[in-house]
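Peer 1: The following comprises the amino acid sequence and a computationally predicted model.
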Amino acid sequence: MFTDTYLPSRDGVITSLLLSKRELERLGHEVFIFAPDPKESHDRQKGVHYFRSMSFTHYEGYRIPVFPTNKGEILQKLGIDVIHSHGLLFQGLRAMFAGRTRKLPVVITFHTMVTEAAQYYNFTPIPHDIASKLIWIYLRSLLQRSEAVIAPTEAIKQELLGYAPGMRRIVVIPTGIDYDRFHLGIDGSAVRHKFGLDGEKLILHVGRIAREKNLDLVLSGFRLLSREEERARLMVVGDGPARRHYIGLAKEMGIEDRAIFTGFVPDAELPQYYAACDIFTLASKFETQGIVILEAMACGKPVVGINYRAVAEIIRDDETGYLFEDDPESWKLVAMKALNSSNKVGEAAALQASHYSSAEAAERLVEVYEWAIASKKARVTGKH
């Protein structure tokens, strides 16, 4: 597995990769990680093959493996059967070169809408609309050259078919949930007590704090809601390059006493934060799936999500959660509705989340790998 991001950073790509690795190993397969090296040597993990990299100044915590390397030769020594790239940029390109050199099939999971992130982190003088077209030219070539493409949701599959219709195969395999960690019955009282939230109505947001996550909308909507609901509190869990910006924005809005920015929360404690909230919210239009939505649902929490792309595909409006438009007033109205919803919504959410099994996802990955291996062999030998 090749990836552009890895521990100690945390994001949806890393969560998906680690879950897939664990479940594939439970099935008896060997999985090797090829990742950019971390800034600090003590963050290196045994068994991971690191590429020398440098910090990306426009995105804190992100590392770019730009340096030449012959690490692709390791693939032959390891006896690799298939390459699975979770990255679309440097490591995605490196995975493709390694596949061509070693005559190995390359499978790509399209985790990230790179073109949309580029508008926030474009360090070139190229206007965004032109940069976006150039990126899609590159992505189209990458996707069409891969043996198979995995889309986390049907919405993303349809979008990719529009951009890269010449793909050999594209299948939808959502990242499953770690049911050992996220489930009904978790006690969140310690979190509520820690932050003095006993008796308050808690709205939770979890994820990397970056501009593309649309937290401006959540804060603006919460400001409107807090005028009508004195007991409402907003908790933003996570860290990221825009954390200071949003803390400052909350202060400007006059809601700093009701908005809690926890910073990084260890994985082991995260389920308790979901359990502590009354509702969960996500306003990001950037998501290709939104794993945090499913984690919240697995814990029996109604989710207030933006009516767009993958988020709208997962949430069943008025049944397992509620959808809002890209407008603070809409967020406020929907959040109020969710805060006053019956337990049936949370129960329905947990039931829906139970269909997203990480073990089942791994079995479907194996099917794609086997197909990709046979397909590549047939193309190389000319025997179809």
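Peer 2: Here it is on my side, so go on. Numbering: from 1, shown residues only.

Peer 1: Please make it C-alpha for all contacts and neighbour counts, starting now.
Peer 2: Noted.

Peer 1: Run through the stretch 201-350 of the chain and note the low-pLDDT ranges.
Peer 2: Judged by pLDDT under 70, the stretch 201-350 of the chain has no weakly predicted residues.

Peer 1: quick one: the strands in it?
Peer 2: Here the stretch 201-350 of the chain has its strands, by DSSP state E, counting those that start in this stretch, at 201-206, 232-237, 259-263, 279-282, 303-306, 321-324.

Peer 1: Run the angle between the first one and strand 259-263 for me.
Peer 2: Strand 201-206 and strand 259-263 are oriented at 40 degrees to each other (axes from the mean of the first three to the mean of the last three CA atoms, to 10 degrees).

Peer 1: What pairs with strand 201-206, parallel or antiparallel?
Peer 2: Strand 201-206 pairs in its sheet with strand 232-237 (parallel), strand 279-282 (parallel), by DSSP bridges.

Peer 1: Kindly report the same for the fifth one.
Peer 2: Each strand that strand 303-306 pairs with, and the sense of that pairing, follows from DSSP bridges: strand 279-282 (parallel), strand 321-324 (parallel).

Peer 1: now, of the strands paired with strand 201-206, which is deepest in the fold?
Peer 2: Of the strands paired with strand 201-206, the one with the most neighbours on average (mean count of other CA atoms under 10 Å) is strand 279-282, at a mean of 26.

Peer 1: can you dump the C-alpha coordinates of stretch 63-76 into CSV?
Peer 2: Extracted in CSV, the C-alpha atoms of stretch 63-76 (Å, rounded to 0.1, in the frame of the first residue of the first chain):
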residue,chain,number,x,y,z
ARG,A,63,5.1,15.6,3.9
ILE,A,64,6.1,15.4,0.3
PRO,A,65,8.4,12.5,-0.9
VAL,A,66,9.9,14.4,-3.8
PHE,A,67,13.4,12.9,-3.7
PRO,A,68,14.6,10.2,-6.2
THR,A,69,14.7,6.7,-4.8
ASN,A,70,15.1,3.1,-5.9
LYS,A,71,12.8,1.8,-3.2
GLY,A,72,10.6,0.3,-5.9
GLU,A,73,13.1,-2.6,-6.0
ILE,A,74,12.0,-3.6,-2.5
LEU,A,75,8.7,-4.8,-4.1
GLN,A,76,10.5,-7.6,-5.9
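
Peer 1: Now find how far off-centre that stretch is within its chain.
Peer 2: Distance of stretch 63-76 from its chain centroid, counting by CA atoms, centre = their mean, to the nearest Å, is 25 Å.

Peer 1: Now it: buried residues?
Peer 2: Within stretch 63-76, the residues scored as buried using 16 or more other CA atoms under 10 Å are 63, 64, 65, 72, 75.

Peer 1: Many thanks, we can stop here.
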